[in-house]
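Student: Fold the following, please.
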Amino acid sequence: MNQDDLKRSVANAALAYVPEGQIIGVGTGSTANFFIDGLAQMKDRIRGAVASSETSAARLRAHGIALFDLNDVSELSVYIDGADEVDGRLCMVKGGGAALTREKIVAAVAQRFVCICDGSKLVDTLGAFPLPIEVIPMATAQVLRALTALGGTPSVRAGVVTDNGNAIVDVRGLRITEPEAFEAQLNNIVGVVTNGIFAQRPADVLLLATAQGVRTMLRN
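Tutor: Okay, here's the model as predicted:
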């Protein structure tokens, strides 16, 4: 199976976690796109969706799936999204698609977070994937200095502006052994909107696509 086949298989497996008659949260990225395409086949069985990015909103809208503003929704039964890295405790690094802040907000509202990935994303320790951080533009230089002091090698992602009008800084050279604490530490840097560590709100279910089929892991 190629990468697209793996992504499609795990995205389709996630459809089983979509409750009928509910509003669900939908993530951003290539695997989430396959999920949106699958969701279109059952759109008459759900009320609609909250999207974590303008890109996902456009894809949902193109399929005729009703969109809701998160401020108008009191709760989401489930949020389904991919990850750039995930460890055995279902802590994740996300934000390769620059949608980390909205993803984190939608995930915080959801009763259940189902992460959908191919097997290459499962790691022992987070950090090999460059950690995305959303930064208010006027604070970029001082955030870069703070991240360098923490031992990382940060760089501004060229040509990228988030849906919130901010910059993305990617930090290389990290080994994130205590993701919950490091997530909080990074968020305390003045000028950081949020960072791509999802540890304080990890996934509840991980669906992992492998050549042998989709493997399910649950958070302890």
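Student: show me what contacts Ala66?
Tutor: Arg47, Gly48, Ala49 (C-beta atoms under 8 Å, 6 or more residues apart in numbering). The way it works is simple: take the backbone N, C-alpha and C, and place the C-beta from them, glycine included.
Student: Identify the residue spatially nearest to the first one, adjacent ones excluded.
Tutor: Same thing as Arg47. Ile23 (4.8 Å; C-beta to C-beta, 6 or more residues apart in numbering).
Student: now the one you found: how far from Ile46?
Tutor: Separation of Ile23 from Ile46 (C-beta to C-beta, to the nearest Å) stands at 7 Å.
Student: For the closest residue to Gly119 other than its chain neighbours, name its beta-bridge partners.
Tutor: Sequence neighbours aside, Thr210 is the residue nearest to Gly119 in space, at 4.5 Å (criterion: C-beta to C-beta, 6+ apart). Per DSSP bridges, the residues bridged to Thr210 are Gly213.
Student: State whether Ile24 is indeed within a strand.
Tutor: Yes. Under DSSP: H, G, I helix; E, B strand; the rest coil, Ile24 sits within a strand.
Student: quick one: it from Arg47, how far?
Tutor: Applying C-beta to C-beta to Ile24 and Arg47 gives a distance of 9 Å.
Student: who's more crowded, those two?
Tutor: Ile24 (24 against 14; other C-beta atoms under 10 Å).
Student: residue contacts, that one?
Tutor: Here Ile24 is in contact with Val18, Ile46, Ala49, Val50, Leu76, Ser77, Val78, Tyr79, Ile80 (C-beta under 8 Å, 6+ apart).
Student: And it, how far from Asp37?
Tutor: Taking C-beta to C-beta, one finds Ile24 at 15 Å from Asp37.
Student: same deal with Glu180?
Tutor: Note on Glu180: its distance to Asp37, by C-beta to C-beta, is 34 Å.
Student: Ok, Cys91 next?
Tutor: 28 Å.
Student: and these two? which has more neighbours close in?
Tutor: Cys91 (23 against 14).
Student: hmm, back to that, make CSV from the contacts of Ala66 and add pLDDT, distance to Pro154 and secondary structure to it.
Tutor: Output for these, formatted as CSV (pLDDT from 0 to 100; distance: C-beta to C-beta, whole Å; DSSP: H, G, I helix; E, B strand; the rest coil):
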residue, pLDDT, distance to Pro154, secondary structure
Arg47, 96, 41, coil
Gly48, 97, 38, strand
Ala49, 98, 34, strand
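Student: Tabulate these in TSV, adding columns for distance to Ala62.
Tutor: Formatted as TSV, these follow (distance: C-beta to C-beta, whole Å):
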residue	distance to Ala62
Arg47	18
Gly48	14
Ala49	13
